[in-house]
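Enquirer: I'd like to go over a predicted model; first the sequence, then the structure.
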Amino acid sequence: MIRNIAFATIAAALLAGTASADTLREALVSTYNANPTIMAQREALKGTDATVAIARAGSRPQVSATAGFNQDLTKTGGGNGRNFSAGVDVSYPLFNGGSVSSQIKAAKTRVEAGRATLRAVEGDVFTEAVAAYMDVIRDRAIVELNTNQVQVLSTNLQATRDRFEIGDLTRTDVAQSEARLELARSNLATARSRSAGSEENYRRVIGHSPDTLAPPPPLPPLPKSPEEAVHIALASNPDLIAINQQARAAGLDVNVASATRLPTVEAFGAGRYTDYLGTEQDQFGPFAAGSTTATSAGVQARIPLYQGGLPAARVRQARAIQSQILEQAVGTERTVVANTRSAFAAYMAAQEAIQSNQTAVSANELALEGARAEQSVGTRTVLDVLNAEQELLNSQVALVTARRDAYVAGFQLLNAMGQAEAQDLGLDGGPLYDPLGNYRRVAGNWNDWAGEKVTAPVSTRTVTPAEQAGTPVTPPPTTQSVTPPKQ
């Protein structure tokens, strides 16, 4: 009876939470807002955004200024002179063989790939967070089951000893009860260790230690067949989208390399001012002017005739890289197909395991009650009861584990199909991160002096005051250099 009540309590905890319990949605919001893997990938995407501005700079005017002072030290046939000169040079590319336009397109394509990669990282981290969440629920339940097992076996041992004292049972029965109790205590210690490990993994992924955890919400409807799941995955998996965009960018890189064989044309203008600082008569005669100015403008073409085989080498290199990425795209596709079908198979197997283990738990509960009743009238031994106790515990642990496995496999299937990202999950912890915000701000920038200050890490540290070492591993930047992260 004690065991049945305890397992009913655990099952209820897996099916219905309390108002004060942490929810899976809250855990995912915490992960989304403060997980270092996601935060780092966002910063990586910002770096990719900047490559568009770098490529666009090649199509814009270039302006430079020069200034200098010159003093002659020795001179034959005249006095030593000095002068101050300043000038401005302006150039504007008119034609560059199409290399800049290809570079801009390639950069934009890599930005698209970077956004898909960010989506993939979000999905992977969310899957890891769901697994961590469910691991804590599972392992806490297993601890409760093993705790109850120890209590039941302790009661059984005391009853066996009492019956041994009156000669109703033998010393063998007592020894069997003692051995089974010690084994249960060992299993409880192992279960507690695993639960502690799961809680630490939860803290690592989600950013804080788990409190009481509510059961997860139901998963959305999943495909009815692996073929349907693969069809969705091939259209929506972000890893596959990212590698295909990388392949497109690599093709544009071939165009950039090929453009080095073509002529370039640029317009230019220059202005010069020279002041001889009172030495003009010594240098040029009595009628020399004290200063001079000069301006010029023109168009210049550069026609490459021979570059030592460099353009062909660059083209071969770019094509090889393109081929490499195309091969990687096939490999990614294979991985997506395999992961999708594996997750589908794991989910279906876990669903069948849940049904089987529910039946097994009910049957083992009935078998245990029967073994106890029969043992009380002498038709069953103490060992038979102990074995029935263990069989029931095993089936209960298997049921808890199957429920965890089904949920995690279902979420893995969603992730493989590209449906485990923040916008799919409906997180309500604030506005979602918008990767377009940074792109709009930096991709078209013309200012040479615009820059980003160092930002403090957004991800939360999990070190407690008691664990704190002398110096943080990642000290925050100084106040003067900290700016809030751009969304």
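Expert: Ah, there it is. What you see is a predicted model, and the numbers here were worked out from it, not measured in a lab.
Enquirer: now the spatially closest residue to Val230 that is not a sequence neighbour, what's its secondary structure?
Expert: Excluding its sequence neighbours, the residue lying closest to Val230 (Cβ to Cβ, 6 or more residues apart in numbering) is Thr340, at 5.1 Å. For every residue, glycine as well, the C-beta is placed using N, CA and C. Under DSSP: H, G, I helix; E, B strand; the rest coil, Thr340 falls in the helix class.
Enquirer: per-residue pLDDT, Thr340?
Expert: Listed pLDDT for Thr340 reads 97.
Enquirer: ditto for Thr170
Expert: At Thr170, the predicted lDDT confidence score is 89.
Enquirer: Then the one 4 residues further on?
Expert: Reading off the per-residue confidence, Val174 sits at a pLDDT of 93.
Enquirer: List the buried residues of the helix or strand hosting it.
Expert: In the assignment (DSSP states H and E), Val174 maps to helix 171-206. By neighbour count with 16 or more other Cβ atoms under 10 Å, helix 171-206 contains the buried residues 173-174, 176-177, 180-181, 184, 187-188, 191-192, 195, 198-199, 201-203, 205-206.
Enquirer: avg pLDDT for the following helix or strand past it?
Expert: Using DSSP H and E, the helix or strand that follows helix 171-206 towards the C-terminus is helix 226-236. Across helix 226-236, pLDDT averages out at 96.
Enquirer: Tell me which residues are up against helix 226-236.
Expert: 222-223, 240, 333, 336-337, 340-341, 343-345, 413, 416-419 (Cβ atoms under 8 Å, 6 or more residues apart in numbering).
Enquirer: so how far is that helix off the chain centroid?
Expert: 22 Å (Cα atoms, centre = their mean, to the nearest Å).
Enquirer: Please enumerate residues in contact with the helix or strand following it?
Expert: Next helix or strand after helix 226-236 toward the C-terminus (DSSP H and E): helix 238-259. Residues outside helix 238-259 that contact it (Cβ under 8 Å, 6+ apart): 96-99, 102-103, 105-107, 109-110, 112-114, 116-117, 119-120, 123, 233-234, 311, 314-315, 317-319, 321-322, 325-326, 328-329, 332-333, 335-336, 418, 421.
Enquirer: again with stretch 337-351
Expert: Contacts for stretch 337-351 (Cβ under 8 Å, 6+ apart): 222-223, 225-226, 229-230, 233-234, 237, 402-403, 405-406, 409-410, 412-413, 415-417.
Enquirer: give me that answer again for 10 Å
Expert: Contacting residues not belonging to stretch 337-351 are listed as 127, 219, 222-234, 237, 239-240, 401-417 [Cβ atoms under 10 Å, 6 or more residues apart in numbering].
Enquirer: how about the helices in the chain?
Expert: In the chain, the helices defined using DSSP state H lie at 2-15, 24-34, 36-56, 99-165, 171-206, 226-236, 238-259, 280-284, 310-376, 382-416, 422-425, 435-442.
Enquirer: can you tell which of the ones you listed is closest to Ala65?
Expert: Using Cβ to Cβ as the measure, helix 36-56 is the one of the helices of the chain that comes nearest Ala65, at 22.7 Å.
Enquirer: Looking at the closest one now, give me its mean pLDDT.
Expert: 94.
Enquirer: Can you report how many residues lie near the residue nearest to Val230?
Expert: When neighbours are counted by other Cβ atoms under 10 Å, Thr340 registers 26.
Enquirer: Just the CA atoms of stretch 246-265, as PDB, please.
Expert: Extracted C-alpha coordinates of stretch 246-265, given in PDB (Å, rounded to 0.1, in the frame of the first residue of the first chain):
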ATOM      1  CA  GLN A 246      27.100  28.800 -47.900                       C
ATOM      2  CA  ALA A 247      27.300  26.900 -51.200                       C
ATOM      3  CA  ARG A 248      25.700  29.900 -53.000                       C
ATOM      4  CA  ALA A 249      28.200  32.300 -51.500                       C
ATOM      5  CA  ALA A 250      31.100  30.000 -52.500                       C
ATOM      6  CA  GLY A 251      29.800  30.200 -56.100                       C
ATOM      7  CA  LEU A 252      29.900  34.000 -55.900                       C
ATOM      8  CA  ASP A 253      33.500  33.700 -54.600                       C
ATOM      9  CA  VAL A 254      34.400  32.100 -57.900                       C
ATOM     10  CA  ASN A 255      33.100  35.200 -59.700                       C
ATOM     11  CA  VAL A 256      35.200  37.400 -57.500                       C
ATOM     12  CA  ALA A 257      38.300  35.400 -58.300                       C
ATOM     13  CA  SER A 258      37.500  35.400 -62.000                       C
ATOM     14  CA  ALA A 259      37.100  39.200 -62.000                       C
ATOM     15  CA  THR A 260      40.800  39.700 -61.200                       C
ATOM     16  CA  ARG A 261      41.500  38.900 -64.900                       C
ATOM     17  CA  LEU A 262      39.400  41.800 -66.100                       C
ATOM     18  CA  PRO A 263      40.300  45.500 -66.500                       C
ATOM     19  CA  THR A 264      39.500  48.100 -63.800                       C
ATOM     20  CA  VAL A 265      38.600  51.700 -64.400                       C
END
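Enquirer: Alright, I will stop here.
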